[in-house]
Each structure stands twice: as C-alpha cells, then as structure tokens.
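Enquirer: Next come a sequence and a model predicted from it.
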Amino acid sequence: MDLPHLKLANTGNAKYRRRVTSPQMRTMLGKSAVEWSLKTRDPLKIVEAWKEANAKFEALELQADGKTVMQSEWDVTLAAAVKNGLASVDATKIGPIDAELEQGKFKAFTQAILAEAEKLSPQQRDAKFANNPPTNPALQLVKAKFKGIERPPVSLSEAVKHYLQDREGRSSYPDLVKQVGIAISTLEVTMGRSDPPVTEIDRDAAYAFRDGLSAKGNGLGTIRRRITTIKAVLNAADKRFDLPNWRNPFNGINLPEDDGDAGVEKRHSLSLDDIRKTLAHQDSVNDDARDIWHLMMLTGLGPDEARGIQWSEVFLDDPTPHFEVRANARRRLKKGQRRRRVPLVGTALEMMRKRLAQSPAGELDVFPRYASQRNANTLSAVLVKPMKAAGVWQKTVKVPYSLRHTMKDLLRRTAPQSMQLLLMGHGFGEGRAASGYGEDDLLDMQAGYLTKALELGRLIEFPKLPSDKR
C-alpha cells in the first residue's frame, strides 16, 4: 500500500507516522513527530483512515501557521496565477474559464499548468487524487481553470495578524499585542463564535460588544479604548483587503454617556505635611517602590512612567544629568505625549547613581521589581500603603499620582507655561501648546526651573524635610 507516512505492522493496527518539521507546529504539539493509530488492520479501511489522519496533520500545520485550508489554497492559487500573468494581486476570484468564449485565456491557463507541473517532483506528479495529495500550484490552477476559486472570507485572526505585523517595529509592540488580544477575545465571546469572518461583524455585534463591557462594570475610558482597538484592526483589514459591500460597524458607534466630571471632586496635590507623614511609614515598602516614590516626587512622573525606565534611557554623566521618557517594551505613551527628556536634580540624581552602582551587570531595568508587570496596579497598591498608614490617603482624591499634581502646582509658581509643558510632558499633540520647539528642548533651563520648584516646595533634599509646617 503506497501511502506516505503509513506504518504497517504484522500485528496490531496501522499507524500514521510523520515528522514535524515546522518550528511553530513543534512548539504547538510539544513533539518532533506524531504517531497516530489508524484503529484498523483492514486494508479496505486503512485508506480512509489514512486520509483522515493526513488531513488532521495538515490542518494542524496550517493552524500553526495561522491559516485555514481555504486560505492556504487561495494563497497558492493566487501566487501561481499572478506569476503566470493570469490574475492581478488584488484579484478576488480566479476562473472558471470558458473554453469557447475565452480561448486565449483557456490556452494560457493550460500552458501555466504544464509549466507548474514541470516543477513538481516525480512523487508529486504521480500522486493519486484518491490519496488526497498535498496542495501544489499546478493542481490549484486546474481547479481554478475548470471550477473557479474565490478568495475566502477574511477571518478576524487574519486581520489581527496583518494589523500586528505592520506594527512590529513599535517599541510598545508587546503592550499592543496584549491590548488587541483582550479586545478580540471579548468580541469573540460577544459573538459566540471563534474567529468569525470580518464581513460577518455587523452593527449588532458592535453594540453588543459595547453593552457587554458596560454590563461587566467597565468604566467609560476602558470601553472607549476597547472600541478604538477593534475599530483600528477592522479599518486596517478593510484597507488591506478592500472588502466589498461591508463597512466597519465600529465606526460611528455611539458611546454610553455619563455626567463626566460634573460633581466629581478633583484629585488633590500632596502637601509638605502629607509627604512628611507618609515618609514616616516608608520603611515598610521595598527599595524599588521607595525609590520610585522619590523619583516621582522630584520629577513629576506618574507611576507607570517611572516603573518602565530602562538604564539605556538614563544619562547620568551628561552635562545635564537626565533620563528619557519614551515608549518601550515596558510602557507606552499617552495620546498627546511625545518622547521627552527629564532632568535629574537634587537627591533624585544621588538616588539614581546609587541604584546604578548597585544594579547587577546586564540589568536592563532601573526598577526591575515592577518593570515587567503588565501595568502599574501592583506598584500603586504598594505606594498606597504608607499613605494609608499615615492617614493621608483618600480614595481617588489623594493617591500616589497626586505627587504629579504637587509638582504641577510648584511649577506654576516658578516656571513659564512652556517649561511646565516640557517638564510634565503635556501639550505635545499636533498644534498643541508645547509643539514646534525644534531640536533644542532647553534641558539645562528645564533643570534650573525644576530646581526652583523643588526649592520652593522644600523637597530638594528629600528624604530630609524641614520640620515646620509652613
């Protein structure tokens, strides 16, 4: 019985044995070969059992590569047709060809099939159709010539794959993958099906997605982010594949509304007395959290910005010692922010030098305890503990992020608005107040204004603080 990967035994059932050559498939299966029992010794049943096993193996190969059987066959057909001048790269259907009405094209297909057949190995050419031979260009052109082959519906997973591939160069790529994964899995749960065709995602699904997030207690900000992510993936798919008679149902979707900030008490700054009280309880937290609090206080950083700093972004020997705030594998920048440099002054500079001296060789992150975590939630929870112990913390009003508000208040009294925006990283969107500063970000001047602000707040020598409560 001449079937590849078939293992016959004198006793026992026949087996399908095949090596796994694809690295992706090896990873998925956790083995370098498969051996499946065909559960029969009957020669009349072995062929059908072999077909099922062979189809199963090839489906697993395609799954490992992120493709369906239909997608794979279309890719092979389109590539062969384009190479032989039978179709354009944006074709959505190839064939069938009418022998009488399209004699020239019919002949061209025949010549292309013969040309592709010449490239096949003897084993491929002699394979019997009854044995379900693997896909090859010659066979696919035959199918297209006589039956026609249409581009299969673009699946959601294919849309995601191309969307992410086009953004692999982003420093925030790992976070983007995570955000897209969350949004896509939520949409699949909403629709009650895995990997639906993009064109079957309609307005009902979009509103069900929105309402499902709301029903689970997600805030409006989270709902907007999830919708924006889905919208971006689907818009990219529409542009790439030119999907006919379909429009992105997430475009123009109405978002739920609330009263916004009406009646909501704004976040407060921390006073010198608040900082002094909190300092008395900071021995209970780890060194990374304690130093992040220190850096936040003397620079105006937020927790997520601080935890993601890497040593490659720190320049302690520069004429104006500083670090960069930029998107990297640990964090992303908010809309309206851009990569910026932040000067290190006062005891913040001393603290960073001490950390560098104690950092293990090859360590990438300044604060490794929190750098690799998915977000700043754990860090914020640790920073809150001393505030609670000191009686300073107030839910949503006085929190670790309040240190940023403290810095903003001090800068208002000591620095012009342009310097406030540069130091705080605000107003960098197109046409915004801090845009258009050219190459010179006036880092030395930033350092001077930051020093004045910290001197005004009597924080320049932190953790040494004045004893009076002026």
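Expert: Everything's here; your move. Residues are numbered from 1 along each chain as shown.
Enquirer: State whether residue 220 and residue 226 are indeed in contact, as I suppose.
Expert: No: under the criterion of C-beta atoms under 8 Å, residue 220 is not in contact with residue 226, lying 10.9 Å apart. From N, CA and C alone the C-beta is placed, and that goes for glycine too.
Enquirer: More neighbours: which of the two?
Expert: A count of neighbours by other C-beta atoms under 10 Å puts residue 226 above the other of residue 220 and residue 226, at 22 against 14.
Enquirer: quick one: the helices in the stretch 251-400 of the chain?
Expert: Assigned by DSSP state H, counting those that start in this stretch, the stretch 251-400 of the chain shows helices spanning 272-279, 287-299, 303-307, 346-358, 368-371, 377-389.
Enquirer: ranking these by burial, who's on top?
Expert: Mean neighbour count (mean count of other C-beta atoms under 10 Å) peaks for helix 303-307 among the helices of the stretch 251-400 of the chain, with a mean of 25.
Enquirer: Can you tell me what sits against it?
Expert: Residues from elsewhere that reach helix 303-307 (C-beta atoms under 8 Å, 6 or more residues apart in numbering): 292, 295-296, 325, 330-331, 367, 370-371, 373, 375-376, 379-380, 383, 400-401, 425.
Enquirer: same check, this time on stretch 340-355
Expert: By C-beta under 8 Å, 6+ apart, stretch 340-355 touches 291, 294-295, 298-301, 314, 316, 320-326, 366, 422-423, 425, 428, 441, 443, 446-447, 450-451, 454, 459-464.
Enquirer: Out of those, list just those in strands.
Expert: Judged by DSSP state E, the contacts of stretch 340-355 include 314, 322-325 as members of strands.
Enquirer: Whichever of the contacts of stretch 340-355 end up buried, select them in PyMOL.
Expert: Here the buried members of the contacts of stretch 340-355 are turned into a PyMOL selection, burial being counted by 16 or more other C-beta atoms under 10 Å:
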select buried, resi 291+294+295+298+299+300+301+314+320+321+322+323+325+326+366+422+423+425+428+443+446+447+450+451+454+459+460+462
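Enquirer: Now do residue 123, the pLDDT please.
Expert: With respect to pLDDT, residue 123 has a value of 67.
Enquirer: same check, this time on residue 440
Expert: 78.
Enquirer: can you count the residues close to it?
Expert: Counted with other C-beta under 10 Å, residue 440 comes out at 8.
Enquirer: Quick check: it vs residue 340, distance?
Expert: 13 Å (C-beta to C-beta, to the nearest Å).
Enquirer: where exactly do the helices run in the stretch 51-200 of the chain?
Expert: So, for the stretch 51-200 of the chain - with DSSP H, counting those that start in this stretch - the helices run 69-83, 103-118, 122-126, 137-146, 156-165, 173-191.
Enquirer: Find the nearest non-adjacent residue to residue 20, please.
Expert: residue 26 (5.1 Å; C-beta to C-beta, 6 or more residues apart in numbering).
Enquirer: Make sure the one you found is actually in contact with residue 32.
Expert: Yes: in this structure, residue 26 is within contact of residue 32 by C-beta under 8 Å, at 6.0 Å.
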